[in-house]
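Trainee: Pasted the sequence and its predicted model underneath.
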Amino acid sequence: MSDYQQVANAVAAEIAAGRLRPGDRLPPQRRFARQYGIAGSTAARVYRELARRGLTVGEVGRGTFVRATEGRGGAPALSDPPDQRINLELNYPVVPEQARLLAQGMGGLLRTDVLDAALRPVGAAGTPEARAAAAALLARADWRPRPDQVLCTGNGRQAISAAVAALVPPGGRLGAEEFTYPVLKSIAGRLGVTVVPLAMDEHGVRPESLADTHRRAPLHAVYVQPTLHNPLSLTMPPARRAELAATLRRLDVPAIEDTVWAFLYDDTAPLAASAPERTVVVDSLSKRLAPGLTAGFAVVPEALAARVEAAIRSGGWAPSRFALEAATRWHADGTVQALVHAKRQEAERRQALARDRLSGFTLRTDPRSCFCWWDLPPAWRADLFVAAASRHGIAVTPASAFTADPHRAPSAVRLGLASPPLDTLSHALTTLAALARSAPDDLVLA
């Protein structure tokens, strides 16, 4: 066993025994190295190993803390756990009329001859009708992809997986916003790809950060969410998109553009409109229509199409023909557009509720977004707040889930607003606001 693993095991034993408790701060790495008689580089590996095991969390400008993990012996009981759980981690928009609208479009699909065709296998090219429908669904502002650019997958995550596998070799480097979609990190890990954080500002990823990072060690591709970025709800203004496109072109780096939330904000052209020859757009139907309807899409430049299609085929990520047939019909009869319109209105209602219930706190969001980013009050660390919220039956996501650099997590949480019924969401936000206004020590039961 290596030195860093032995030291990490010793610290883990201290945590398990309760001598290091949730919320305790570990010493700076130099002091830790002196304390254990190890090199500074070994101390850094120990801290990385503890974070990998989920025992610690790093917070920007504050240090490294023992994580408050639910169920760990010795963790403080902040209140009695309730029977029901309100999940503000999952975030699938649902509107009351959803099932009725979807059911109306299913009649023709249930005819024996039509159903027989819909249950046959299909490849990444889907069907001509599905590609045409997808091209129309994904169009925004003045950008409209050609149907022959569209490839189909089983879901949006598979579209991302195929794009990453096609563009980044095992051992390669994938640039991503410093706060990014958590699933991207797990996809990259399975493919043996390193996610490299790119600095952001209020307009999204900074092109100069991309250039500096690529100069230090070349990137094989970049993953970005320019419209309603998850988790920060940022939308890049046109000037930043043009600047980013120019930087990608100058560096000769391709981009994977995730537009899964862009249906809520369709008056802004995608990055692909500025860099069509090097941008793979990935999207899906689960947010537009229903979480159980899994169909993903990749709009691929001609030069990259063969690689992405081969990745879909080798990864086993081909679509379900039934889902494509259903979606094609829902597009043709206007169901998709009706649901998109309803979900935009619902997002605005829920954002207004969040602003009201969390008034006085620091939120980063957009009136059309289905989530918000909450910079917690100074008394709270994210992991402790997540544990406290869980004790009240509410699941929220800590900032660390979204950080491309696991050692730089601010004291913040993301709240998914889309899934719970409106009255349930109101109750949850009111409870969280009261929790945030209290001090953590006030909630520890004797």
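Mentor: Nice, I can see it. None of the values given here were measured: they were computed from a predicted structure.
Trainee: Okay, strands next: where are they in the stretch 1-150 of the chain?
Mentor: 56-59, 63-66, 86-87, 150-153 (DSSP state E, counting those that start in this stretch).
Trainee: From residue 393, how far off is the nearest residue in space to residue 366 that is not next to it in sequence?
Mentor: Once flanking residues are discounted, residue 366 sits nearest to residue 233: 4.2 Å by Cβ to Cβ, 6 or more residues apart in numbering. All C-beta spots, glycine's among them, are computed from the backbone N, C-alpha and C. Distance check for residue 233 against residue 393: by Cβ to Cβ, to the nearest Å, it reads 25 Å.
Trainee: now residue 158
Mentor: When residue 158 is compared with residue 393 (using Cβ to Cβ), they lie 33 Å apart.
Trainee: Looking at these two, which one has more neighbours?
Mentor: residue 158 (25 against 18; other Cβ atoms under 10 Å).
Trainee: List the buried residues for the longest helix anywhere in the chain?
Mentor: Ranked by residue count, the top helix of the chain under DSSP state H comes out as helix 335-357. By 16 or more other Cβ atoms under 10 Å, the buried positions in helix 335-357 come out as 335-336, 339-340, 342-344, 346-347, 350-351, 353-354, 357.
Trainee: How about stretch 401-411?
Mentor: So, applying 16+ other Cβ under 10 Å, buried residues of stretch 401-411: 401, 402, 403, 404, 406, 407, 408, 409, 410, 411.
Trainee: leaving aside the residues next to it on the chain, what's closest to residue 58?
Mentor: residue 407 (4.0 Å).
Trainee: Distance check, that neighbour against residue 180.
Mentor: From residue 407 to residue 180 the distance is 15 Å (Cβ to Cβ).
Trainee: Same check on residue 52?
Mentor: 18 Å.
Trainee: Next: residue 272.
Mentor: Separation of residue 272 from residue 180 (Cβ to Cβ): 19 Å.
Trainee: next one: residue 27
Mentor: In terms of Cβ to Cβ, residue 27 sits 30 Å off from residue 180.
Trainee: higher neighbour count, these two?
Mentor: Taking other Cβ under 10 Å, residue 27 and residue 180 do not tie; residue 180 has more neighbours (28 against 13).
Trainee: So for the more buried one, what's the pLDDT?
Mentor: pLDDT recorded at residue 180 is 97.
Trainee: cool, the one 5 residues further on as well?
Mentor: Residue 185 is assigned a predicted lDDT (pLDDT) of 94.
Trainee: pretty sure residue 280 is in a helix, no?
Mentor: No. Residue 280 is assigned strand when assessed by DSSP: H, G, I helix; E, B strand; the rest coil, not a helix.
Trainee: how many other residues sit next to it?
Mentor: Residue 280 has 29 nearby residues by other Cβ under 10 Å.
Trainee: Relative to residue 254, how far out is it?
Mentor: 7 Å.
Trainee: anything in contact with each of the two?
Mentor: 167, 304 (Cβ atoms under 8 Å, 6 or more residues apart in numbering).
Trainee: what pLDDT does the residue nearest to residue 126 when sequence neighbours are not counted get?
Mentor: Leaving aside its chain neighbours, residue 126 sits nearest to residue 152 (3.7 Å; criterion: Cβ to Cβ, 6+ apart). Here, the pLDDT recorded for residue 152 equals 97.
Trainee: State whether residue 413 is indeed within a helix.
Mentor: No. Read with three-state DSSP, residue 413 is strand and lies in no helix.
Trainee: OK, contacts around it?
Mentor: Neighbour list for residue 413: 373, 374, 376, 382, 385, 386, 389, 396, 397, 398, 399 [criterion: Cβ under 8 Å, 6+ apart].
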